[in-house]
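Peer 1: below: sequence and its predicted model.
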Amino acid sequence: MVKTEPFDAAQYLVSPESQEELLNDALASGDAGYVARALGVIARARGMSEVSREAGVTREALYRTLSESGDPRLTTLLGVARALGARSRLTSGRRSSILRSRRATATALTVPMTNKSKSLV
């Protein structure tokens, strides 16, 4: 009989760049469950106890919230993102009477987790 072990992506996402790539992919998908799971993987990679302390929730609640069956509140997601050092910025892709700036010509979500910024367009 073949013995298998559960796979945990957190063991392999050790660089800030790989964590940033996972989170950007999750955000680009528009799938709230994927975003929550990605944040959970990154939090485990960085240390769930420290992330939960900085996010202002218990470690157990964070595990439960960011699990596959969890449904995190926006305040929890924002707290975890802040604890992980993620920042986001939305810009409009449409010209309107309110937004006449040239900078509002593309839709982007920027999530810098290192000194570099990446945009999803």
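Peer 2: That came through fine.
Peer 1: how far does stretch 71-79 sit from the chain's center?
Peer 2: 11 Å (CA atoms, centre = their mean, to the nearest Å).
Peer 1: quick one, helices of the chain?
Peer 2: Taking DSSP state H as the test, the helices found in the chain are 16-29, 32-46, 48-55, 59-65, 74-83.
Peer 1: any idea which of those is most buried?
Peer 2: helix 32-46 (a mean of 21; mean count of other CB atoms under 10 Å). For glycine as for every other residue, the C-beta is placed from the backbone atoms N, C-alpha and C.
Peer 1: ok and that helix relative to helix 16-29, angle-wise?
Peer 2: Our comparison of helix 32-46 with helix 16-29, counting by axes from the mean of the first three to the mean of the last three CA atoms, to 10 degrees, yields an angle of 170 degrees.
Peer 1: what sits up against helix 32-46?
Peer 2: Helix 32-46 has contacts (CB atoms under 8 Å, 6 or more residues apart in numbering) with 8-11, 13-14, 19, 22-23, 25-27, 29, 51-52, 62-63, 65-68, 70-72, 77, 80-81, 83-84.
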